[in-house]
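> Sharing a sequence plus its predicted fold:
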Amino acid sequence: VQLQASGGGLVQPGGSLRLSCAASGLAFHNYAIGWSRQAPGKEREGVSCISSRDGRTYYADSVKGRFTISRDNAKNTVYLQMTSLKPEDTAVYYCAADLSVVGWQKGLMPYWGKGTQVTVSS
């Protein structure tokens, strides 16, 4: 299983970014995909998750209303659209995969990709 996160960068407060997570080596449509982030000196935090078959979405309270997760099963890709970004959103963002959504918020998904850096600063 390989997961590749991309789309990070430097953005001003209030700006937007779209992250992508491209997956290979798995039956993508069977897997829930989650996004987590880790800021320097802080624990990893589950940000969002999308289920496999019905596309149900989940969000941490800290991003609810600002971030939107979606998936394109034809492209084996999950997206995280981030808007109204704040300096506290600065972190390395990781995507992960699991057959279940149960562990997404606690970072318990078994398959992880390398992260992409998001920096929100003026």
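Yes, it's here.
> and the residue most central in space within the chain, helix, strand or coil?
Computing the C-alpha centroid of the chain and ranking residues by Cα atoms, centre = their mean puts Trp35 first, at 2.4 Å. Secondary structure, DSSP: H, G, I helix; E, B strand; the rest coil: Trp35 is strand.
> shouldn't it be in contact with Arg44?
No. Trp35 is not in contact with Arg44 according to Cβ atoms under 8 Å; the separation is 10.9 Å. To be clear about C-beta, it is placed using only N, CA and C from the backbone, and glycine gets the same treatment.
> Report the set of residues contacting both of the two.
Contact with both Trp35 and Arg44 is made by residues Tyr94, according to Cβ atoms under 8 Å, 6 or more residues apart in numbering.
> Quick check: buried residues in whatever helix or strand Ala22 lives in?
Using DSSP states H and E, Ala22 maps to strand 17-24. Using 16 or more other Cβ atoms under 10 Å as the test for burial, strand 17-24 gives Leu17, Leu19, Ser20, Cys21, Ala22, Ala23.
> Report all helices and strands that it contacts.
strand 2-6, strand 32-38, strand 77-82, strand 91-98, strand 116-120 (3 or more Cβ pairs under 8 Å, 6 or more residues apart in numbering; DSSP states H and E).
> same thing but 6 Å
In terms of contacts (3 or more Cβ pairs under 6 Å, 6 or more residues apart in numbering; DSSP states H and E), strand 17-24 is packed against strand 2-6, strand 77-82.
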